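can you look at this prediction? I've put the sequence above it.
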Amino acid sequence: QLQLVESGGGLVQPGGSLRLSCAASGFTLDYYAIGWFRQAPGKEREGVSCISSRGVTTNYADSVKGRFTISRDNAKNTVYLQINSLKPEDTAVYYCAASRSAYCSGYAIQGYRYWGQGTQVTVSS
């Protein structure tokens, strides 16, 4: 069964940090760019970061630049999203997705082939 599983979410105070993980099973992530998305209640899903298949290229949404860092360990078949300086507006369900390409080419939903179930991140004091 092909699937992506996110983990690492939780409740954190403003200014705190989390590291989200996206682990693949049933297929290898080596050939896929991986994107992280988030969806807050009542809002559309938005792309926040992407990393190319070999990790050479990374992209970030303006709202998270300087605070989020995406990385991958293909040997572990896992992609990570380090989230620092968390703000209440970062509260959302975070999803990872495998692109249809080895390269990052935006955050159009239809450009991603496999999706995880999401992990909740709540930023609150």
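Arrived safely.

contacts, neighbours, all on C-alpha from now
Noted.

can I take it that Asp30 is in a helix?
Yes - assessed by DSSP: H, G, I helix; E, B strand; the rest coil, Asp30 belongs to a helix.

quick one, what contacts it?
Shown in contact with Asp30 (C-alpha atoms under 8 Å, 6 or more residues apart in numbering): Ser53, Arg54, Asn74, Asn77.

quick one: the helices in the chain?
When secondary structure is read from DSSP state H, the chain shows no helices.

which of the contacts of Asp30 are buried? Put it as a PyMOL command.
Per 16 or more other C-alpha atoms under 10 Å, the buried members of these correspond to this PyMOL selection:
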select buried, resi 53+54+74
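
dig out what the most centrally placed residue in the chain forms beta bridges with.
What sits nearest the mean C-alpha location of the chain, by C-alpha atoms, centre = their mean, is Trp36, with 2.4 Å. Note on Trp36: beta-bridge partners by DSSP bridges are Ser49, Cys96.

what pLDDT does it get?
Note on Trp36: pLDDT of 98.

just the one 3 residues further on next, same as before
Looking at Gln39, its pLDDT reads 98.
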